[in-house]
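Chemist: take this sequence and fold it.
(4 chains)
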There are 4 protein chains.
Amino acid sequence: MGQPMARNLVLAGFDVRTWNRSGGSVEGATASRTIEEAVRPAEIVVTMLSEDAALRAVTFGDGKLLASLRTGRIHVGMSTISVALASELATVHTKGGQRFVNAPVFGRPDAAAARKLWIVPGGSGADLAELAPLFAALGQGTFPMPGPAQSALAKLCGNFMIAATLESVGEALALGEKGGIAPEQLLGMLTGTLFGAPVVQRYGGMIARQEFSPAGFAMALGLKDMRLVLQAGDGLEVPLPLADLLRTRFLQAMAQGKGDLDWSGVTTLIRESAGLK
Amino acid sequence: MGQPMARNLVLAGFDVRTWNRSGGSVEGATASRTIEEAVRPAEIVVTMLSEDAALRAVTFGDGKLLASLRTGRIHVGMSTISVALASELATVHTKGGQRFVNAPVFGRPDAAAARKLWIVPGGSGADLAELAPLFAALGQGTFPMPGPAQSALAKLCGNFMIAATLESVGEALALGEKGGIAPEQLLGMLTGTLFGAPVVQRYGGMIARQEFSPAGFAMALGLKDMRLVLQAGDGLEVPLPLADLLRTRFLQAMAQGKGDLDWSGVTTLIRESAGLK
Amino acid sequence: MGQPMARNLVLAGFDVRTWNRSGGSVEGATASRTIEEAVRPAEIVVTMLSEDAALRAVTFGDGKLLASLRTGRIHVGMSTISVALASELATVHTKGGQRFVNAPVFGRPDAAAARKLWIVPGGSGADLAELAPLFAALGQGTFPMPGPAQSALAKLCGNFMIAATLESVGEALALGEKGGIAPEQLLGMLTGTLFGAPVVQRYGGMIARQEFSPAGFAMALGLKDMRLVLQAGDGLEVPLPLADLLRTRFLQAMAQGKGDLDWSGVTTLIRESAGLK
Amino acid sequence: MGQPMARNLVLAGFDVRTWNRSGGSVEGATASRTIEEAVRPAEIVVTMLSEDAALRAVTFGDGKLLASLRTGRIHVGMSTISVALASELATVHTKGGQRFVNAPVFGRPDAAAARKLWIVPGGSGADLAELAPLFAALGQGTFPMPGPAQSALAKLCGNFMIAATLESVGEALALGEKGGIAPEQLLGMLTGTLFGAPVVQRYGGMIARQEFSPAGFAMALGLKDMRLVLQAGDGLEVPLPLADLLRTRFLQAMAQGKGDLDWSGVTTLIRESAGLK
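Modeler: Numbering: from 1, shown residues only, chains lettered A, B, ... in the order given. So this is what the prediction gives:
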């Protein structure tokens, strides 16, 4: 994910220093040997990692991002993380005289390459204004949220909505199939009438064709995100029975050895529960 | 619902005879005093009723539709009904030397008036071809299904998907609201990115604004349709945990005196469960 | 079930006429060739059937029980049936000048043979008093309910509680097993402390040992009873999410070909969902 | 909880040093001003705290239990804690040359006072043997588990089973009540037949009488325990839909301001969902 984003920043004229675990490089950017080396001279540091633990390690742990970032500079966290971590990062950076903007994105690597990401930033108005050129270089639009915690939460809500779509389409197509309607036909009716959203078309197609490899978004990440949604609901005291159902589906998928499938493969559990195949 | 449909048939040049419980009339159509009177001379009989019981009464009971329809003529059932009744109607009409096409629709009265219904017909290919002009006069497109039972099932799947959308949007907006995001702002992000389907926009707006009166689609009909979805799942042996959750939500709404709200008002239960308001 | 009950009635000195589908006989009782022949001379008619449809057939259909029962005589329905049918039977028998007492039982054939049934009768006080000797000949105790509908409902509540026990014990033992506790050991702790009820001991043992054949109570009957519980909840407007979960479990068991197992075998779904075995 | 336990240890002839947050004393025992002072001379240290965080603070944090406990001595943790913390405590004590036995209990303060606790210890066989006199002074029986993690898990399974009982009894009594059966009458039938376990009798009575104050076991502790059950299930990859339902019920109770009620008061949500009261 980071590579196409860095490439777009280079193309937009930014002076880019990169660092990543596997050491890959981006043409036009300077590869750093350590995070510290990348962060120390930077005006803006962008992080894009798979989960809380990785961002914690980079920021507080061995990565020393927090210790290396100069006063007044901005850390733009673009990972999908917990509401709690987004709040904590805002607090510690403020305490350190630095600035933190949380800015997770919707879109997979192909969208990143095409500058088609949707960005959901949360931070001060001034910081967002300052970051506008950066966001313009990376995506097709921004949906600002009141603050870093809200930005993390909004992104989780989006992933929850996608997972809910997997479940509803999965149940509908399994019901239709046992009732004599080919999945593609039922899906065509759904997307042709009221459910024409891209997410229904893309994931619905994968479910209808039972094509879950290679994984565009890993099953384990689906489980992680549903955990984060429920964690947020727990902290805010919002009962979320549909999120319960979804988390438990992903957990079952992992327990039954389906961890290699795309997260939309969670719908195979629905078909199996109905005795299909 | 029937009135704007009848009007469009008149406008398209059909010779229309109407009958309804409350006795309203349509300009250019002949109002019948009894169902029998409307059915006996007809080439095509269209029924549009609120539920199984009403269609049964009209067809088998006092309405005498089945007894009055001439040999070879077509009964087009456009109500949202159970899979079981759609099958039964196909069987009895065939036995009676008549034809039955099940053809439920997506769209409310305003869509019916604007000839914007989506029609999901199930019947023989020849019958559907014969009905093409009628469907063209009523809607903006058809999605044919293999047969009457499948057509009833496909329509129920669509209503299930709408109800699932109510739940997922309702949970997301309640979570966001308690976390400090205004509902309209979160909804704007969702519809502006991956969830731009009409159903998310329309119902999401009602949920964000908490506007559930007057009811466009009654809570009791939502409960009825979720019952029919589960009944179909029971008959076909397809476990549908999300449909369970939805049916029970509507049942709770009825039990708590929310029967006057639009079915999207079922989401008030989510907010209340979170202590909102 | 009927055979040991008839035997106990003979032993208690009742003059017994029997009828059953397969034509088996009971020593000391007179076997009838038709239901009518058994019912016509009777003071008290006891029915013990597997479900609503069977009792309907016997009472209203070919069985002609309703038509054959003399004025003032009592029909004691001991099957597990729907609340709606219990009410209907009370109404039609009253209209026919007859009496109806609904009296379902807890206990399997071995309990019936040992006069260890628990009886849950619902009817008028006078009718229950008149039936006391009959109930004493069949069971170890009665728990009178206000009327036939309540008696049917109470029995369904009991079966719901058993199914809930299957789920809770099944989840607990699966969790323990994956965590390194042998099922029998965890069960021993549960029954040895707070959960010493017979139902936990008996079914818990079956679950711990994974012994589900031969079926003491068929999977399909478990599904049927959960349906009746939800039907009652639907009619009375009581949301029952745990009953939803249970019904859907049994439905899945049927869909996946587990219909031959005892209903406690529904817990194999829990183990499989956890990747056990 | 700690006070009656300390008293019983004194009565059994143990030389007891106590410490607790509020500084209460026990006749015959020596009150310590600090945890360190209580721990340093001890052969056996017993901790009984409300949750993970408190036990962590006492052991690793300001309490300095870990640092104060002498080589070879035993820490007996009797709190209801997470599986993860039980494992961690075993590891760190072993590394410190000390011994750790996890030994949570079933029973409230009145049971503790009456030496009627049930103890579920997990540790080495030798350690359990050495602790036998201590356990005998505190409870009426022990159910040894393979190790500390299993002991924590078994205790959580027990609390899960109690919460499941609250839900099943709550749904059954609400259904019965709307159907015309007084809650006490239906409960009497249930406990008189198959569900005679103490937990059904005690909690069932509270539910039937709607008596939830004062809280014997706090709502927040119910929520905490269901979280720990699900955390264990998440770690061990065991889908637990019933535990999902239960956790979400307690969360809703907290969100709706029912935190002061006994955890069995969670059943008021069931009644309210049915429009009762």
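Chemist: contacting residues for A:L240?
Modeler: Counting by Cβ atoms under 8 Å, 6 or more residues apart in numbering or on different chains, A:L240 makes contact with A:229-230, A:233, B:171, B:175, D:248. All C-beta spots, glycine's among them, are computed from the backbone N, C-alpha and C.
Chemist: in helices only, show me these.
Modeler: A:229-230, A:233, B:171, B:175, D:248 (DSSP state H).
Chemist: returning to that earlier point: ok, so of the contacts of A:L240, who is nearest chain C?
Modeler: Closest to chain C out of these is D:T248 (9.2 Å), distances taken as Cβ to the nearest Cβ.
Chemist: pull the number of nearby residues for the closest one.
Modeler: When neighbours are counted by other Cβ atoms under 10 Å in any protein chain shown, D:T248 registers 24.
Chemist: that one touches A:D244, doesn't it?
Modeler: Yes: the criterion here is Cβ atoms under 8 Å, and D:T248 meets it with A:D244 at 5.8 Å.
Chemist: which residues in the stretch 51-200 of chain A form helices?
Modeler: A:52-59, A:65-68, A:83-95, A:109-113, A:125-138, A:148-178, A:183-192, A:198-209 (DSSP state H, counting those that start in this stretch).
Chemist: okay, buried residues for the fifth one please.
Modeler: If I follow you right, that is helix A:125-138. Buried positions in helix A:125-138, judged by neighbour count with 16 or more other Cβ atoms under 10 Å in any protein chain shown: A:127-128, A:130-131, A:134-135, A:137-138.
Chemist: pLDDT weak spots in the stretch 101-250 of chain A?
Modeler: Within the stretch 101-250 of chain A, no stretch has pLDDT under 70.
Chemist: near chain C, which residues of it?
Modeler: With the criterion set to Cβ under 8 Å from any Cβ of the partner chain, the stretch 101-250 of chain A comes near chain C through A:P241.
Chemist: ok, now with 10 Å
Modeler: For the stretch 101-250 of chain A, the residues in contact with chain C (Cβ under 10 Å from any Cβ of the partner chain) are A:178, A:241, A:248-249.
Chemist: also near chain B: which of those, exactly?
Modeler: Restricting these to those near chain B by Cβ under 10 Å from any Cβ leaves A:178, A:241, A:248-249.
Chemist: and the furthest pair within the residues you listed?
Modeler: Maximum pairwise distance among those (Cβ to Cβ): 25.2 Å, between A:K178 and A:P241.
Chemist: point to the residue nearest the middle of chain A.
Modeler: A:T80 (4.4 Å; Cα atoms, centre = their mean).
Chemist: pretty sure that residue sits against A:K224.
Modeler: Yes: using Cβ atoms under 10 Å, A:T80 is in contact with A:K224, at 8.4 Å.
Chemist: centroid-wise, who is the farthest residue in chain A?
Modeler: A:G180 (36.5 Å).
Chemist: list the contacts for it?
Modeler: B:83, B:122, B:145-147, B:149-150, B:153, B:236 (Cβ atoms under 10 Å, 6 or more residues apart in numbering or on different chains).
Chemist: for those residues, pick the one with the most neighbours.
Modeler: Highest neighbour count within these: B:L153, with 33 neighbours (other Cβ under 10 Å).
Chemist: buried stuff in stretch A:230-244?
Modeler: For stretch A:230-244, a neighbour-count test (16+ other Cβ under 10 Å) marks A:230, A:232-234, A:236-244 as buried.
Chemist: how long is it end to end?
Modeler: When the termini of stretch A:230-244 are compared using Cα to Cα, to the nearest Å, they are 7 Å apart.
Chemist: gap between it and the chain center?
Modeler: 19 Å (Cα atoms, centre = their mean, to the nearest Å).
Chemist: what number of residues lie near the closest residue to A:E184 other than its chain neighbours?
Modeler: Closest residue to A:E184 apart from its sequence neighbours, by Cβ to Cβ, 6 or more residues apart in numbering or on different chains: A:A208 at 4.8 Å. When neighbours are defined as other Cβ under 10 Å, A:A208 has 19 of them.
Chemist: ok, A:A208 touching A:R202?
Modeler: No: A:A208 is beyond contact range of A:R202, at 11.1 Å (criterion: Cβ under 10 Å).
Chemist: who's in contact with stretch A:214-224?
Modeler: So stretch A:214-224 is in contact with A:50-53, A:80-82, A:108-110, A:159, A:162-163, A:166, A:202-203, A:206, A:212, A:225, A:246-254, A:258-266, D:234, D:237, going by Cβ under 10 Å, 6+ apart.
Chemist: check stretch A:127-137 too.
Modeler: By Cβ under 10 Å, 6+ apart, stretch A:127-137 touches A:5, A:8-14, A:43-44, A:46, A:74, A:76, A:78, A:99-101, A:103, A:105, A:115, A:117, A:119, A:121-124, A:138, A:141-142, A:144-145.
Chemist: so which of the residues you listed belong to strands?
Modeler: The strands, defined by DSSP state E, take in A:44, A:46, A:74, A:76, A:99-101, A:105, A:117, A:119, A:141-142 from the contacts of stretch A:127-137.
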